[in-house]
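> the sequence and its predicted three-dimensional model are supplied below.
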Amino acid sequence: RGGPHRRVSRREMAETAALQGLLDSLSSRLATVEAQLGVPPPPAASGTSGAAAAAEEDAKQVRAFDAYCRECLEPFVAACKELSPEATRCGEIVTKGWMGMRSFLVMASKCKKPAQWPAAVQAFLKPCQEAMQEASSNVSRGDWECHQKTISEGLQCMSWVLVEPAPRDFIENFIGGQDFWANKIRVKYKKTEPKQIAYCDTFKKLITELMPYVKEYHMTGVTYNPKGVDVTTYSPSAAPPPAAPSSAPPASAAAAKPSAGLGDLKAALGGGGSVTSGLKKVTKDMQTWRAEYKGGGGDAPKPKAAPKPAARKQTVTKGPPVFEFQQRGMKWLVENQTAENGVITVTMDPKDGVKHTVYICTCYGATIDIKGKCKGVAVDGCAKCNVLFDTAISSLEVVNCKSMKCQARGTVPSVAIDKTDGILTYLSTETLDITQFLTSKSSDMQISFPNAAGDMVEAPIPEQFVHKAALVGEKPKVSSDVSDLYSH
C-alpha cells in the first residue's frame, strides 16, 4: 500500500541486513589493520587524559633543569650563532652534552638507585662522554682555539652526575679552567667585539648557575626515585610525534547516504573515487633511483649502509683503579684512574707529609688534587690528566705522558719532563724565580705564569736548537743556541 507509513518488504530487509553485515566486516578488518600498524586508539574522555598527562609529567628536578636550560643554555647557543661556524659548532657540542645530562636526570627520576652504582648507569652517560670527546677533538690551532679550549675545559663538569657526596663543589673546580682560556678572549676583544665577551659570559653563567640547581635538587648526589623501576629494565621513552593530518574522508561523509543500496557500496569500494583520492601516484620521473642507477636490465641495487667507525678505546689504564698509601715506599699510589672516578684528592699529613711521595701512573682523563706539602710528585704513563699540588720539596717529574696539565699552587724547585708529548705547566708567582725545567725527548711544552698585572701569560719551551762544532785547544766541543724560531 502507498502512504507515509509503507510496510518494508522482505527483500529490502534482507538487503539492509547484508549491507549491515558488510559494514561490520569492514569495521573489524580496519581495526585489525590499525592494531598491526600501531595506530593509537581514539582519545579517551577528558578526565582520563588528564590523569595520564599527570602520570607522564616530568619530576620537579627535571622541570627545574628545563627552566635552567631556557635561562642559561639558550642565550649561550644564541651567542655562538652570532660569531662564526666554529663557535656555532661549540654551541652544538654543549647542547648535546646538556641534553645528555637531562636524559640522565630523567632516567634517575624514574629509576631506583642501582646497587652496582656507578657501573650500572655508565651507559646512560654516553651522550655526555661523546660531547666531551668531541669538544677535545674539536680543538685546532687558529683564531678559535681559545673558544674551543674554553668549551673543552668546561664540559668536564658534566661528570658531576657520578660524584657523591658533594657534586656542587666538583662543578666549581672547572670554573677556573674554562676561565683561563675565556680570559684570553676577554683581553683580546674587551673593547672591540662585545659578541666575543657575550660568548665567554654566557658559557660561564651556564656552569655557575648549574651549581645552585645541583645544590637544591641533588645536594649529595643525583636524586633517584626510591619507588621507581630497576635501571636494567628502563628504556628512554620518546615524546609522541605530532599527529599527522589525516587524508581519510570524515565519518560524516561516509554516513551521508545511509539509504544507499548494496550495489552502490561495492561500486565505491572497487571503483576508487573519493575513497582513494588522498593517495598520490608515483610516476617514473619521481623515482630517484632511476637517475642514480645506470646499469642495464634488472633491479636497481640497494645502497649499502656505510659501516660505522668503531669508537677508539683508550689503552692507558691497565687494571682496576687504585688509590692507597704504601707504607713500604712511603708513597701515595694513584693508578688507573679516569674521569668517571671524579676528582682524586690526596691530603698530605701536616707532620709526615714532607716524607711522602705521590706516584701517579696509567691514568686517563683524571684530575688529581694534592693538598698540603709533599716530598715530590711523579707522573708516569698518563694521558689527558690534570695534576694540581700545593708544594713539592724536591721536584715534579713527568715521564711517558701525553696532553698533560700540571699546576703548582705553591713552590717546586725543579720540573723534569721526559718522553712527553704535550704538557702545560702552571706556575705561581711564588715559585717563578726558583723553578728550573729539565727536558728531554719531549714536544709541545708550554709554561703559563702571571705577569705584573696578574694576567696569565704563556711561553713555549724550545724544542729546536742550533748546534756548532769546534775545536777548543785540541778538544772537540759542541755549542748550542736556541733557534731563532723562538725569538719572535
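Nice, I can see it.

> residues in contact with stretch 209-225?
59-61, 64-65, 68, 71-72, 104-105, 108-113, 157, 160-161, 163-168, 171-172 (Cβ atoms under 8 Å, 6 or more residues apart in numbering). Placement of C-beta: from N, CA and C, glycine included.

> quick one: strands adjacent to the one helix or strand Val334 maps to?
For Val334, the host element (DSSP states H and E) is strand 331-335. Neighbouring strands of strand 331-335 in its sheet, by DSSP bridges, are strand 322-326 (antiparallel), strand 357-361 (parallel).

> can you give the contact residues for it?
Residues outside strand 331-335 that contact it (Cβ under 8 Å, 6+ apart): 319, 321-326, 344, 346, 356-363, 366, 368.

> mind doing that once more with 6 Å?
In this structure, residues lying in contact with strand 331-335 by Cβ atoms under 6 Å, 6 or more residues apart in numbering are 322-326, 344, 346, 357-362, 368.

> PyMOL command to pick out the buried ones of the residues you listed?
Selection of the buried residues among the contacts of strand 331-335 in PyMOL, burial being defined by 16 or more other Cβ atoms under 10 Å:
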select buried, resi 344+346+357+358+359+360+361+362+368
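
> where does pLDDT dip in the stretch 351-488 of the chain?
For the stretch 351-488 of the chain, the stretches flagged by pLDDT under 70 are 486-488.

> can you rerun that using 80?
Within the stretch 351-488 of the chain, the segments meeting pLDDT under 80 span 484-488.

> cool, the stretch 151-300 of the chain as well?
236-300.

> helices along that one, start to end?
Along the stretch 151-300 of the chain, counting by DSSP state H, counting those that start in this stretch, helices occupy 167-172, 175-189, 194-208, 210-217, 251-254, 262-271, 288-292.

> now Arg400: phi and psi?
Residue 400: Asn, not Arg. Dihedral angles of Asn400 (phi, psi; degrees, to the nearest 10) stand at phi 60, psi 50.

> number of residues surrounding it?
Using other Cβ atoms under 10 Å, Asn400 has 16 other residues around it.

> so who does it touch?
381, 419 are the contacts of Asn400 under Cβ under 6 Å, 6+ apart.

> start the count at 76 instead of 1 going forward.
That works, and once the first residue is 76, the last one we named lands at Asn475.

> tell me how many other residues crowd Val262.
Around Val262 there are 11 other residues, counting by other Cβ under 10 Å.

> quick check: closest non-adjacent residue to it.
Asp530 (6.6 Å; Cβ to Cβ, 6 or more residues apart in numbering).

> coming back round to it: mind putting the strands paired with strand 406-410 in a markdown table, distance to Ala458 included?
Below are these laid out as a markdown table (distance: least, Cβ to Cβ, whole Å):
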| stretch | distance to Ala458 |
| --- | --- |
| strand 397-401 | 17 |
| strand 432-436 | 11 |
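
> surely Cys165 is in contact with Ile226?
Yes: contact criterion Cβ atoms under 6 Å: Cys165 and Ile226 qualify, at 4.7 Å.

> hey, what's Pro525 bridged with?
Going by DSSP bridges, Pro525 forms beta bridges with Met531.

> and it, how close does it get to Val462?
Noted for Pro525: a distance of 19 Å to Val462, by Cβ to Cβ, to the nearest Å.

> how about Gly175?
With Cβ to Cβ as the criterion, Gly175 and Val462 are 27 Å apart.

> again with Asp305
Plainly put, Asp305 is 39 Å away from Val462 if you go by Cβ to Cβ.

> next: Gln389.
As for Gln389, its distance to Val462 is 18 Å (criterion: Cβ to Cβ).

> then Val306?
Taken as Cβ to Cβ, the span from Val306 to Val462 is 34 Å.

> quick one, which of these two is more surrounded?
Val462 (26 against 21).

> can you tell me the SS state at that one?
Recorded secondary structure, Val462: strand (DSSP: H, G, I helix; E, B strand; the rest coil).

> do I have it right that it meets Gln482?
No: assessed by Cβ under 6 Å, Val462 is found out of contact with Gln482, at 7.3 Å.

> just give me the neighbour total for Ser100.
So Ser100, with other Cβ under 10 Å, has 10 neighbours.

> let me fix that: Lys448
Residues lying near Lys448 (other Cβ under 10 Å) number 18.

> what's in contact with the helix or strand hosting it?
Using DSSP H and E, Lys448 falls within strand 442-449. Contacts with strand 442-449, where a contact means Cβ under 6 Å, 6+ apart, come from 409, 418-423, 428-429, 431, 433, 435, 461-467.

> only whichever of those residues are buried, select them in ChimeraX.
In ChimeraX, selecting the buried portion of these, with burial taken from 16+ other Cβ under 10 Å, looks like this:
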select :409,418,419,421,423,428,429,431,433,435,461,462,463,464,465,466,467
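
> where's the residue nearest to Phe151 when sequence neighbours are not counted relative to Asn248, distance?
Nearest residue to Phe151 in three dimensions, chain neighbours excluded: Thr277, at 4.0 Å (Cβ to Cβ, 6+ apart). Thr277 sits 20 Å away from Asn248, going by Cβ to Cβ.

> OK, contacts around Ala491?
Contacts of Ala491 by Cβ under 6 Å, 6+ apart are 470, 472, 513.

> neighbour count, distance to Glu291 and secondary structure for those residues - can I get that in a markdown table?
Output for those, formatted as a markdown table (neighbours: other Cβ atoms under 10 Å; distance: Cβ to Cβ, whole Å; DSSP: H, G, I helix; E, B strand; the rest coil):
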| residue | neighbour count | distance to Glu291 | secondary structure |
| --- | --- | --- | --- |
| Ser470 | 17 | 44 | coil |
| Glu472 | 19 | 43 | strand |
| Leu513 | 11 | 49 | strand |
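
> nearest to Val553, of those residues?
Distance to Val553, by Cβ to Cβ, is smallest for Leu513 among the contacts of Ala491, at 18.8 Å.

> where's the closest residue to the closest one other than its chain neighbours, which helix or strand?
Excluding its sequence neighbours, the residue lying closest to Leu513 (Cβ to Cβ, 6+ apart) is Ala491, at 4.7 Å. When secondary structure is defined using DSSP H and E, the element that contains Ala491 is strand 489-493.

> name the residues of that strand that are buried.
Counting neighbours by 16+ other Cβ under 10 Å, one finds that the buried residues in strand 489-493 are 490-492.

> with stretch 152-172 instead?
152, 154-155, 158, 161-162, 164-172.

> who touches it?
Stretch 152-172 has contacts (Cβ under 6 Å, 6+ apart) with 203, 206, 209-210, 219, 222, 226, 230, 233, 270, 273-274, 277.

> gap between it and the chain center?
In this view, stretch 152-172 has its centroid 14 Å away from the chain centroid, taken as Cα atoms, centre = their mean, to the nearest Å.
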